[in-house]
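1. Provide a 3D model corresponding to the input given below.
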Amino acid sequence: MVFPIDAVLPDLLASLRDRTRALLIAPPGAGKTTRAAPALIGEPWCDGQVLLLVPRRLAARAAAEFMATALGEAPGATIGYATRLDSKIGKDTRIIVMTHGVFLSRIQADPELAGVSAVLFDEVHERGLDNDLALALTLDAAGALRNDLRLLAMSATLDVQRFRSLLGGAPEIVSEGKSFPLELVHVGRDAASRIEPQMARAIRGALAEQEGSLLAFLPGVAEIERTADALGSLPGTVELHRLHGGIEPAAQRKALAAPSPGKRKLVLATSIAETSVTLEDVRIVVDSGLARRPRYDRGAGLTRLVTERATRAAVTQRAGRAARQSPGVAIRLWEEAATASDG
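-> As a prediction, this is how the structure comes out:
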């Protein structure tokens with residue numbers, strides 16, 4: 001299988017032969033998550049492991065399984081993964097896909113990252129305490145202990161100048177990707193009313209008017225369940241799936257897989273589905289525009305989960321899910337001006 005990112009991999013490899021840092025910018029679906037790391041392990045300088053850091057456990061498992069399957073292997077051979085709850089790593093594993101939390105434990109135990117040739121940050125634009133600390137510690141390790149350690153920052157939406165400065169003027173490799181037409185529809189919502197009935201109405205309307213499977217973004221598990229209740233009975237041709245960090249891996253795989261013959265999927269998801277994974281057959285996205293994120297409460301001295309408006313980068317990623325494999329439509333439950341004013 002050929003991916004759009006393959007066209008720029010020679011440029012990436014050439015950059016990392018001469019330098020230790022690079023930026024890889026490619027739109028969703030270009031293949032950066034699953035193609036960059038395997039390309040590196042054949043390089044003369046890469047005689048150790050490649051660590052690929054992804055934002056979520058689901059993405060770690062899915063990326064490792066995809067890359068292992070491409071090699072005709074199971075996870076735990078050449079390609080492995082490590083999350084807080086699960087890992088598959090063998091003695092000959094060259095690429096380990098891991099979450100930022102697992103990486104932090106590793107680099108704190110071994111600041112030199114012995115036996116590691118490269119660290120790749122997927123979706124590096126995503127902000128969070130673990131994400132930011134992982135990048136900072138890797139930069140410290142590379143600067144003070146490992147001047148041979150390669151660092152690759154990857155993203156679809158990136159403040160290039162800021163990251164180039166952070167990475168010491170690293171070269172920028174850009175893949176245009178394969179783009180399909182994407183229609184954006186802003187329908188607004190009543191902020192004084194609950195989001196779930198409004199999401200259910202938008203989902204039902206989209207299923208009636210559009211073709212293909214539908215991915216709906218909600219801020220949390222409770223909203224997913226209330227939206228499922230508000231939807232009531234669905235047509236027999238629609239398979240309902242939930243996708244969030246609390247469900248079993250087998251259920252997550254079903255949500256990601258192609259629908260059964262003659263069926264279409266409706267996937268109610270949290271932000272876990274924003275990046276690093278591909279949901280087969282999705283042509284419609286319905287976006288609540290909300291996200292649940294950890295925020296430090298200075299008064300209480302605790303970190304709390306807060307429901308807030310999703311960032312512009314996040315809603316751009318969400319909309320792109322609809323046009324990864326074919327033309328699509330993204331229905332947004334907010335006014336267009338709200339997106340334009342989001343910094």
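
2. And the helices in this structure?
-> Secondary structure of the chain, counting by DSSP state H: helices at 9-18, 32-40, 57-70, 100-109, 129-144, 160-166, 195-209, 221-231, 249-256, 312-320, 336-340.

3. mind checking which of these is nearest Leu268?
-> Go through those one by one with CB to CB and the one that ends up closest to Leu268 is helix 221-231, at 4.5 Å. Backbone N, C-alpha and C define where each C-beta goes, glycine included.

4. Just want the angle from the closest one to helix 195-209.
-> With axes from the mean of the first three to the mean of the last three CA atoms, to 10 degrees defining the directions, helix 221-231 sits at 50 degrees from helix 195-209.

5. okay, the helices of the chain, which one's buried deepest?
-> With neighbours defined as mean count of other CB atoms under 10 Å, the helices of the chain peak in mean count at helix 32-40, which reaches a mean of 24.

6. In terms of secondary structure, what does that one contact?
-> Counting contacts by 3 or more CB pairs under 8 Å, 6 or more residues apart in numbering; DSSP states H and E, the secondary-structure elements packed against helix 32-40 are helix 9-18, strand 49-54, helix 57-70, strand 95-99, strand 116-121, strand 150-155.

7. Show me how the record splits the protein into domains.
-> Per automatic domain parsing, the structural domains of the chain span 4-174, 182-340.

8. Could you export those to JSON lines, including columns for mean pLDDT?
-> JSON lines is the format used below for the domains of the chain (pLDDT from 0 to 100):
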{"stretch": "domain 4-174", "mean pLDDT": "91"}
{"stretch": "domain 182-340", "mean pLDDT": "90"}
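
9. Now Ala319: closest residue in space that isn't a chain neighbour?
-> On the basis of CB to CB, 6 or more residues apart in numbering, the spatially nearest residue to Ala319 that is not a chain neighbour turns out to be Ala330, at 3.7 Å.

10. quick one, what contacts the one you found?
-> Applying CB atoms under 8 Å, 6 or more residues apart in numbering to Ala330 gives the contacts 182-185, 284-287, 318-319, 322.

11. quick check, nearest of those to Ile89?
-> Within the contacts of Ala330, proximity to Ile89 (CB to CB) peaks at Arg318, which comes in at 31.6 Å.

12. Tell me which residues touch the closest one, please.
-> In this structure, Arg318 makes contact with 217, 274, 285, 287, 310, 330, judged by CB under 8 Å, 6+ apart.

13. number of nearby residues for the first one?
-> Translated: Phe217. Around Phe217 there are 33 other residues, counting by other CB atoms under 10 Å.

14. I figured it was touching Arg292, is that so?
-> No: at 11.2 Å, Phe217 does not count as touching Arg292 under the criterion of CB atoms under 8 Å.

15. coming back round to it: identify the bridge partners of the residue nearest to Ala319.
-> Applying DSSP bridges to Ala330 yields these beta-bridge partners: Leu184, Val285.

16. what about it, distance to Gly320?
-> 8 Å (CB to CB, to the nearest Å).

17. Test my guess that Gly80 contacts Asp92.
-> No: taking contacts as CB under 8 Å, Gly80 lies outside contact range of Asp92: 9.5 Å.

18. Leu279 - how many residues pack around it?
-> 23.

19. Check the one 10 residues further on too.
-> For Gly289, the number of neighbouring residues by other CB under 10 Å comes to 22.

20. how close does it sit to Ala228?
-> Distance from Gly289 to Ala228, counting by CB to CB: 19 Å.

21. got it, and Ile247?
-> Shown here: Ile247 relative to Ala228, a distance of 13 Å by CB to CB.

22. Not counting its neighbours along the chain, what's nearest Leu333?
-> Distances taken as CB to CB, 6+ apart place Arg189 nearest to Leu333, at 4.2 Å, with adjacent residues excluded.

23. Pull up the gap between the one you found and Arg312, please.
-> The spacing between Arg189 and Arg312, counted by CB to CB, is 18 Å.

24. do Met67 as well
-> Spatial separation of Met67 from Arg312 under the definition CB to CB is 30 Å.

25. what's the answer for Val124, then?
-> When CB to CB is applied, the distance between Val124 and Arg312 equals 16 Å.

26. do Thr69 as well
-> Distance, Thr69 to Arg312, using CB to CB: 34 Å.

27. same question, Pro181
-> 21 Å.

28. What of Ile25?
-> For Ile25, the distance to Arg312 (CB to CB) stands at 16 Å.

29. go on, Ala257?
-> Summarising the geometry, the distance separating Ala257 from Arg312, computed by CB to CB, is 30 Å.

30. Let me see the contact set for the closest residue to Thr227 other than its chain neighbours.
-> What sits nearest to Thr227 in space, not counting adjacent residues and going by CB to CB, 6+ apart, is Glu196, at 4.5 Å. The neighbourhood of Glu196, defined by CB under 8 Å, 6+ apart, consists of 218, 223, 226-227, 229-230.

31. ok, now Asp6?
-> Asp6 sits in contact with 31, 35, where contact means CB under 8 Å, 6+ apart.

32. Apply 10 Å and report the result again.
-> Residues touching Asp6, when contacts are defined by CB atoms under 10 Å, 6 or more residues apart in numbering, comprise 30-31, 35, 39, 175.

33. same deal with Ile203?
-> Neighbouring residues of Ile203 by CB under 10 Å, 6+ apart: 214, 216, 227, 230-231, 234, 238, 266, 268, 284, 286, 331.
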